[in-house]
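S.K.: Give me coordinates for this.
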Amino acid sequence: MTEGALRTRVDAETGVAVLTLDRPERHNAIDLATAAQLTGAWRAFRFDDSVRAVVVTGAGDRAFCTGIDRSVQVPQPRSPYTVDDPLAAIGPKANDCWKPVIAAVNGMACGGAFYLLGEAEFLVAAEDATFFDPHTAYGMVSAYESMYMAQRMPHGEAARMALMGTAERISARRAYETGLVSELTSPGGALDAAVRAAGTIAAFPTEAVQGTVRSLWSARQSALAASLAQAPHLVTLGNLPPERQAELFGGRRGGEFRVR
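M.R.: Numbers count the residues shown, from 1 in each chain. The predicted structure is shown next:
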């Protein structure tokens, strides 16, 4: 099924759904319509008993997702205690979907992509995938993204990625070594590997699988919820004005970076 910038394919035999961000010309960046479609997809999966596991990926080989589309403009309330975040509900757990989710990462995964990666059970990545967080380079606080990644990576690795901004990208090999990625594949092989893993999980009794997913998340959810509650005022107080962010974005586009 295709809906705008999102494609959904369900294998009736295995019970595995593949959810594909389909904006390769924009590096699968998420605009408001795509964000709404993601929310709708996760909420639909909750009620679809034919879906027992989900793989989320991006179209093409250049990017899994590069976060929010820079053309998106979201009016913000004049308060340091709240932020209207268009990506807040693009992940499965934000939509109370406790079916197992595996992310298949190809190419770049950065910034707002971490909302999806942070709510997946585990990541499979092609050897040519890279991970980075551009926020600081553009005068923006990496709050939500860093909080998600701090749950998945050693503190020093999460801090380095957030603070180095666009100057450095983490290779898939380094991401595997630090535990962010659970399996490496040859270029182009991440989706097939993720679908195979999802098929194995989907074959197990549904109640036991979803209960295990919920148990694992219970162990980390309190800390994450407490952290996310602090994010709005950190963003509001630390972000540069939008026009200054745009200047930095335009000036740094296509600059040099180091792959680690």
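S.K.: Contacts only, for residue 207.
M.R.: For residue 207, no contacting residues are found, by CB atoms under 8 Å, 6 or more residues apart in numbering. Any C-beta I mention is one placed from the backbone N, CA and C, and that applies to glycine too.
S.K.: Spell out which helix or strand contains it, please.
M.R.: Assignment of secondary structure by DSSP states H and E places residue 207 within helix 206-238.
S.K.: Report the mean per-residue pLDDT for that helix.
M.R.: Mean per-residue pLDDT for helix 206-238: 83.
S.K.: okay, the helix or strand following it in CSV with CA atoms only?
M.R.: Per DSSP H and E, helix 206-238 leads on to helix 242-252 as the next helix or strand towards the C-terminus. Output in CSV follows, covering the C-alpha atoms of helix 242-252 (Å, rounded to 0.1, in the frame of the first residue of the first chain):
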residue,chain,number,x,y,z
PRO,A,242,15.3,30.3,12.9
GLU,A,243,16.8,32.8,10.5
ARG,A,244,20.3,32.3,12.1
GLN,A,245,19.9,28.6,11.9
ALA,A,246,19.1,28.9,8.2
GLU,A,247,22.2,30.9,7.6
LEU,A,248,24.4,28.3,9.3
PHE,A,249,22.6,25.5,7.4
GLY,A,250,23.3,27.2,4.1
GLY,A,251,26.9,27.9,4.9
ARG,A,252,27.8,24.4,6.0
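S.K.: Residue 169 belongs to a strand?
M.R.: Yes - secondary structure assignment (DSSP: H, G, I helix; E, B strand; the rest coil) places residue 169 inside a strand.
S.K.: Please tell me I have it right and it contacts residue 259.
M.R.: Yes - shown here, residue 169 and residue 259 form a contact pair, counting by CB atoms under 8 Å, at 4.9 Å.
S.K.: Quickly list what's touching both of the two.
M.R.: Shared contacts of residue 169 and residue 259, defined by CB under 8 Å, 6+ apart, comprise residue 130.
S.K.: Looking only at neighbour counts, state which of these two leads.
M.R.: Here residue 169 and residue 259 are compared on neighbour count by other CB atoms under 10 Å; more neighbours surround residue 169, at 20 against 12.
S.K.: so what's the more buried one up against?
M.R.: Under the criterion of CB under 8 Å, 6+ apart, the contact list for residue 169 reads 108, 130-132, 257-260.
S.K.: separation between it and residue 250?
M.R.: Residue 169 sits 20 Å away from residue 250, taking CB to CB, to the nearest Å as the criterion.
S.K.: mind checking pLDDT for the residue nearest to residue 176 when sequence neighbours are not counted?
M.R.: Using CB to CB, 6 or more residues apart in numbering and skipping residues adjacent in sequence, the residue nearest residue 176 is residue 184, 5.1 Å away. We have a pLDDT of 98 for residue 184.
S.K.: Cheers, nothing more for now.
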